[in-house]
Structures are given as structure tokens and as C-alpha cells.
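>>> Any chance you can model this:
(one chain, ligands or ions: 2)
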Amino acid sequence: MSNIIEVENISKSFEGLKAVSNVSFYVEEGKITGMIGPNGAGKSTTFNMICGYYPPTSGLIKYKGNDITGKRAYEFADMGIARTFQIMKPLGNLSVLDNVASSAFFGRHKAKNMRQAREIAAEILEFTGLISKRNVLAREMGTPDQKRLEMARALATKPDMLFLDEVMAGLNPTETEGAIDLIRRINSGGVTIFLIEHIMRAVVSLCEKVIVLHHGEKIAEGTPNQVMNDSYVMEVYLGDGGAN
Ligand SMILES: Nc1ncnc2c1ncn2[C@@H]1O[C@H](COP(=O)(O)OP(=O)(O)OP(=O)(O)O)[C@@H](O)[C@H]1O
Ligand SMILES: [Mg+2]
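Ligands and ions are numbered 1, 2, ... in the order given. Modelled structure (predicted):
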């Protein structure tokens with residue numbers, strides 16, 4: 001198995017605050033890898049750097065063996081990378097169908113016109129279980145459906161590598177099971193997944209490997225069971241009340 005993502009000593013400072021410090025890890029192609037850690041640990045900042053939302057202050061990011069450090073967000077869809085945002089960003093006044101259709105113009109699908117984009121979108125809405133909501137305005141949907149819509153929009157670029165930032169936050173247990181099933185189906189279709197998640201049940205059930213951040217530093221890495229039994233990880237979670 002090769003590594004689709006390699007991160008070497010990345011750091012990010014925001015006006016003196018070191019949000020991420022010298023973090024290194026890799027993501028194996030075809031697998032589901034997780035990132036956990038208490039609030040403010042630097043998880044979303046790490047995602048944002050890898051996905052080109054902003055560059056790292058220092059360090060190197062490789063995708064499929066190529067240096068992508070400093071590439072801009074708009075270049076990522078073409079490379080086969082898609083992401084969701086922790087704070088959802090739907091186009092509120094557009095229907096669910098057109099939210100997904102508008103992503104189908106980017107990335108690998110590159111729809112030629114709106115009709116083709118809507119066909120692609122309808123397929124993705126079937127796959128993600130949103131087809132019955134196709135005509136609902138995005139802003140009128142509740143959190144669980146908006147989370148699903150974020151994933152549907154990301155999938156509309158036909159990624160090889162998908163970054164999910166807390167797509168299960170705010171879901172009840174049944175909805176969480178549904179999200180776990182969807183993520184597994186996306187992965188079965190050949191998409192490598194890297195996810196940030198607080199819901200440990202989901203992490204344990206989905207991830208082969210987990211990376212743990214705390215105060216911007218990587219403090220552990222291993223299988224879900226290995227990291228959950230790590231004494232420092234337990235101390236950090238109990239100390240911060242971070243596990244929820
Ligand atoms: N754009 C920004 N400007 C200034 N500080 C920021 C910015 N983004 C994040 N931070 C700070 O960097 C640190 C890490 O934040 P980050 O959002 O990466 O944490 P997180 O692990 O994703 O937390 P959560 O679990 O709450 O989502 C925090 O102290 C946060 O306040
Ligand atoms: Mg976050």
C-alpha cells in the first residue's frame with residue numbers, strides 16, 4: 001500500500017499562537033484514517049493546511065508523491081482532493097440538487113452544462129440518501145442533512161481523497177450509524193478517507209489508524225484500541241473533558 005498523503009513537520013502559527021507544531025504523519029491509499037484530539041488541538045488547522053485553505057508556516061505536504069505545499073484550494077478538486085467544512089458552507093438559497101450540481105463543474109466530472117451537472121448530482125443524492133430532499137433549499141435543512149449535503153458536494157468532484165471534518169457532530173445515534181454506513185460505502189468505492197471526529201464509536205468502527213493531536217502536537221498514533229489505551233491520551237482526554 002502506498003501513501004497518498006505525506007505530511008512532514010508542518011506547523012501553523014496565528015499571530016503568535018502555535019496552533020500546529022511540527023506534525024508529521026501519512027495517510028495510506030484506500031484506507032480510512034482518523035484524527036482525534038480535544039477542542040482546539042489543531043485538527044481543523046491541519047486539514048486546512050493540507051487542503052490548501054492556507055499554507056503551513058513551515059513544513060512539507062505531499063500528495064501522491066508530489067509536493068503540494070502552498071497550492072491553492074481551487075487547484076485541489078482537479079488533483080482529486082475534496083473536503084467538507086466543520087462549519088457547513090452550503091449555498092443556502094439553492095436547492096439540494098443544485099448545491100451538488102454546482103460542485104460537478106469542478107474536479108474530475110467537469111460537467112459541460114447544467115443538465116449534465118444535475119444528472120451527476122441526482123446520482124450522488126441517491127447514493128447519499130438525499131434524493132427525496134432534492135428540491136429543498138439547503139438553508140431549510142437540519143444539521144444531519146446539511147452534513148450529508150457537505151459530503152454529497154465533496155463527492156460531486158469525484159475525489160480520490162476525501163477529508164471529512166466532524167461530519168457526525170450533532171447527529172443522534174441512528175443518524176450516526178447512517179453516516180458511518182455512508183462513509184464506509186464511499187471508501188468501498190475506492191476513495192481514501194481522512195476524518196476528524198469526536199464520536200469515538202465512529203472512529204473505532206471506521207478507522208484503521210488514528211492520529212491524536214493535543215495542543216498542536218501529535219501525541220499518539222496507532223489503531224483506535226492502541227491510542228485509546230495510551231496512558232497519555234487517556235490523561236489528556238480526562239483532563240480536558242475532551243472525549244464526547
Ligand atoms: N484562523 C484562525 N485565526 C486565529 N486562531 C485560529 C484560527 N484557526 C484556529 N485558530 C486557533 O488554533 C487552535 C486550533 O484550532 P483548530 O480549529 O485547529 O482546533 P480543532 O482541533 O479543530 O478543535 P475543535 O475540535 O474544537 O474543532 C485554537 O486555539 C484556535 O482558536
Ligand atoms: Mg475543528
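
>>> got the CA positions of stretch 218-225 in CSV?
Provided in CSV are the C-alpha atoms of stretch 218-225 (Å, rounded to 0.1, in the frame of the first residue of the first chain):
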residue,chain,number,x,y,z
LYS,A,218,1.0,14.7,17.7
ILE,A,219,0.9,12.8,20.9
ALA,A,220,0.0,9.3,19.7
GLU,A,221,-0.7,7.3,16.5
GLY,A,222,-1.9,3.7,16.1
THR,A,223,-5.0,1.6,15.9
PRO,A,224,-8.1,3.0,17.7
ASN,A,225,-7.5,0.5,20.5
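
>>> mind listing what's buried in the least confident helix or strand in the chain by mean pLDDT?
For the chain, using mean pLDDT, DSSP states H and E, the weakest element among its helices and strands is helix 231-240, scoring a mean of 83. Buried residues in helix 231-240, counted by 16 or more other CB atoms under 10 Å: 233, 236, 237. The C-beta positions use only the backbone N, C-alpha and C, and glycine is treated the same way.

>>> if I pick the second one, what's in contact with it?
Yep, that's residue 236 we're talking about. If you count contacts by CB atoms under 8 Å, 6 or more residues apart in numbering, residue 236 has them with 37, 38, 212, 214, 219, 242.

>>> now, the most widely separated pair of the residues you listed?
Distance extremes for the contacts of residue 236: the farthest pair is 219 and 242 at 11.9 Å, using CB to CB.

>>> Relative to ligand 1, how far out is residue 115?
39 Å (CB to the nearest ligand atom, to the nearest Å).
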